[in-house]
Each structure stands twice: as structure tokens, then as C-alpha cells.
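Undergrad: quick check, what structure comes out for this input:
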Amino acid sequence: MQTGTETPTGIPEALGITEGSLNAFYNEVLAFPGAPAAIFLLFVALGAIFSKYVVRLLGRPIARRFVRQSVAQTMLRATRLGIILLFAFTGLGAAGIELGNIVLSVGVFSAVVGIILAPIVGSIINGVFVLADQPYEIGDMIELTDGTTGFVDDITLRFTKILTMDNTFAVIPNSVIRDDMVKNYSAEDERTRLSIDVAVSYESDVAKARSLIERAASDCEDVVEGGPDIRIGTARYPAKPTCYIDQFGDHGVYLRLRYWAHRPYKLLTVRSKVQTEVWRLLNEEDVDVTIPYPHQHLVFDDTSGTAEVNVGEGRGVDAPSSPARRD
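TA: Numbering: from 1, shown residues only. Reported below is the predicted structural model:
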């Protein structure tokens, strides 16, 4: 058996690389100005890239697991943020920064900027309640108290993004939208009920007018023509356009047409089409449509009284009893 010097058992040892030499090289690298920050940023960048692929890999399984798209997106965002934070803390350790000092610094920093971050934290908490209460979902058409109307484009923990009907984005903090009254047009059934009022004279055929008004609404393509009754809670309402006698007014009979529109984002267009068709049919059938406005009619007939008035110094039968004036 040949004896002599020991043969290296591995490639690092063959290259003369030992644990001590690696530590020495690592310390020399950290001694360069800006090296710790560069190492930290490198780990953060790697975390961002890795989290992107993880989210892409888990996107479909999470989407199938959660029916609500907003919850699925929130879970994916939380997963990506967790991976980036994990890489960031690893990068801090690799950069030679002690976590104890960081915790102390973060505590002091949080005490200083706590007031500044309070609104953001409040929006995040309200975002959790928005996701839990489910007042709306991505793709729903909603309307706020200030008249903002549009489709929900995104729901985050801090804000809700709405694509308005004017093709603009409205970004509303969750702390604001949670305290506001939200009208959801797409929650369960997109069909929306509308109504218009029409006044006809007492001399008109009211039954014929009601029939014409109902036909005018049914002829519009965006109006529900009929079918099973539409259920709202425990109540059921006719699906076809229905005209009711609302009240007997001073200037005519007030009729109210109720009808359902298929899509909530065409309400003004549908209302205009229905009113145009109502006006056309009533005019073709000579139905007198009254437009109430302040006015008076003076009526004189054969039974009206007469008054004799003489102009001059003499007085008639009904002349005023004041004495005549002399110059």
C-alpha cells in the first residue's frame, strides 16, 4: 500500500476552498461600501421573481378553491407578499444585519409614523370587512350615494377600483366605501325595474291608453316582454310591462308604467326608447296626453249674472256707493 500525502476527497478541497476561506471572503465582501444593501436588494429581487412564478403556479387551483374572484386575488397577493418578506428577512441575515436591531428600529419608526399610517391601516381593516360582507364582487355594477356608477374592476385590502360609465377609473378607499350606501345592480339578477308616469285627460279612453302604453314598452328590445314572475325576496312581480292607474289628479288621470330592463347599464337608453314609443302610439291613436302646469279656465254660460254700469255722474244699480268727485 502506498503511503504519503492525503488525497483531497472533494472538489472544494482540491481547489483549496475551505470553510475558513469562505468566511474570510464573505467578510471581505461585506466590508465593501454598499455591499450589505446590494445583498439585501438581491434577495428581495429573487423573492419577487420567485413569488411571481409561485403565484402563476397556484393561480388556477386557488381560483377553483374560492368561488369569489376578489378572495382568490387577495390570497394570491398575500402569498406573494409572504414570499417576498421571507426572502427579505433572509437577505437581512445574509447582509450581516441583526434582526434584534431591526425590531428595535421598527418599533421606534412605527411610533413616529403611526399617525401617518393610521388611515392606511384603517382601509386595510375595512378591506377585510368588505371581503367578508360581500356587498359586491368583481364585475358587478354598483352605484354610490354621490352618483358614481360603474363596474367593480378590482378589490384590494386598501381600496376598490371602479370603472365608471364615463370610461374612467375611480379608486375609492375601503374605509369610505364601507360607510357609504352601495346599490348593487348585479348582485343576483341584472334585470332592473323602471317606471314612467303618463297623464291622460278625463275625456280619454283610459283602458285604451293603458293598453297602448304597455304595448309601447313591450315593443322595445331591451325590455323584458314577459315570462315567469320576477321574485324579489318573498314578493313576486309581473315580468311583462304593466300600466296602473296611479291617481286621479286635478288635470287628468295619472298612469304609471312599470317595466323591467334586461341590462342595468342601459337604463337611460331604455327609458328614452320606451317614452318615445309611448308618445308615438298615443299620438297615433289620438289619446289626449295632458301636461300639468299652473293655469286657470274662465267659463261663462247663460246663467251668469249681469251688472248695469253707467258712465257719468249718474250711478247704475250696482255702481259703487262712494260720493261723486267734483273738481
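Undergrad: residues touching D154, list them.
TA: Counting by C-beta atoms under 8 Å, 6 or more residues apart in numbering, D154 makes contact with Q73, I138, T160, K161. In this view, the C-beta of every residue, glycine as well, is placed from N, C-alpha and C.
Undergrad: ignore the last one, G91
TA: Residues near G91 by C-beta under 8 Å, 6+ apart: I39, F40, L41, L42, F43, V44, G47.
Undergrad: please redo it, this time with the cut-off set to 7 Å
TA: Contacts for G91 (C-beta atoms under 7 Å, 6 or more residues apart in numbering) come out as I39, F40, L42, F43, V44.
Undergrad: just the buried ones among the contacts of D154, please.
TA: The neighbour count (16 or more other C-beta atoms under 10 Å) marks Q73, I138, T160, K161 as buried among the contacts of D154.
Undergrad: low-confidence regions, the stretch 151-300 of the chain specifically.
TA: For the stretch 151-300 of the chain, the stretches flagged by pLDDT under 70 are 291-297, 300.
Undergrad: ok, so of the contacts of D154, who is nearest P61?
TA: Of all the contacts of D154, P61 sits closest to Q73, with 13.9 Å by C-beta to C-beta.
Undergrad: what are the boundaries of the helices in the stretch 51-200 of the chain?
TA: 69-94, 99-133, 174-179 (DSSP state H, counting those that start in this stretch).
Undergrad: lowest mean pLDDT across the ones you listed, which one is that?
TA: For those, mean pLDDT drops lowest on helix 99-133, to a mean of 63.
Undergrad: need the strands for the protein, in chain order.
TA: Ranges of strands in the chain, per DSSP state E, are 141-143, 149-155, 159-164, 169-173, 183-184, 192-200, 230-232, 235-237, 242-248, 253-261.
Undergrad: how many other residues sit next to the residue lying closest to L76 once chain neighbours are set aside?
TA: Nearest non-adjacent residue to L76, counting by C-beta to C-beta, 6 or more residues apart in numbering: V55, 5.0 Å away. A total of 16 residues lie near V55 under the criterion other C-beta atoms under 10 Å.
Undergrad: am I right that V55 is in contact with G82?
TA: No - between V55 and G82 there is no contact under C-beta atoms under 7 Å: 10.8 Å.
Undergrad: now the buried members of the contacts of G91.
TA: Among these, those buried by neighbour count (16+ other C-beta under 10 Å) are I39, F40, F43, V44.
Undergrad: quick check, the second one in contact with L92.
TA: Same thing as F40. Yes - with contacts counted by C-beta under 7 Å, F40 reaches L92, the gap being 6.1 Å.
Undergrad: circling back: rebuild the buried ones among the contacts of G91 as JSON lines, extending it with distance to L144.
TA: What follows is the buried ones among the contacts of G91, written out as JSON lines (distance: C-beta to C-beta, whole Å):
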{"residue": "I39", "distance to L144": "47"}
{"residue": "F40", "distance to L144": "43"}
{"residue": "F43", "distance to L144": "43"}
{"residue": "V44", "distance to L144": "38"}
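Undergrad: now, those that are in helices?
TA: With DSSP state H as the criterion, helices contain I39, F40, F43, V44 from among those.
Undergrad: burial of S218, as a residue count?
TA: There are 16 residues near S218, going by other C-beta under 10 Å.
Undergrad: quick revisit: out of the buried ones among the contacts of D154, which is nearest to G252?
TA: Lowest distance from G252 to these (C-beta to C-beta) belongs to T160, with 46.3 Å.
Undergrad: ok, the closest one - contacts?
TA: If you count contacts by C-beta under 7 Å, 6+ apart, T160 has them with V152, I172, N174, I177.
Undergrad: ok, and the closest non-adjacent residue to the last one?
TA: Spatially, and ignoring its direct neighbours in sequence, I177 is nearest to T160 (5.4 Å; C-beta to C-beta, 6+ apart).
Undergrad: bridging residues for the one you found?
TA: Beta-bridge partners recorded for T160 (DSSP bridges): I155, I172.
Undergrad: re earlier: what do F40 and L92 both touch?
TA: Residues touching both F40 and L92 (C-beta under 7 Å, 6+ apart): none.
Undergrad: using the record's assignment, carve this structure into domains.
TA: Split into domains by automatic domain parsing, the chain comes to 25-132, 135-184, 192-284.
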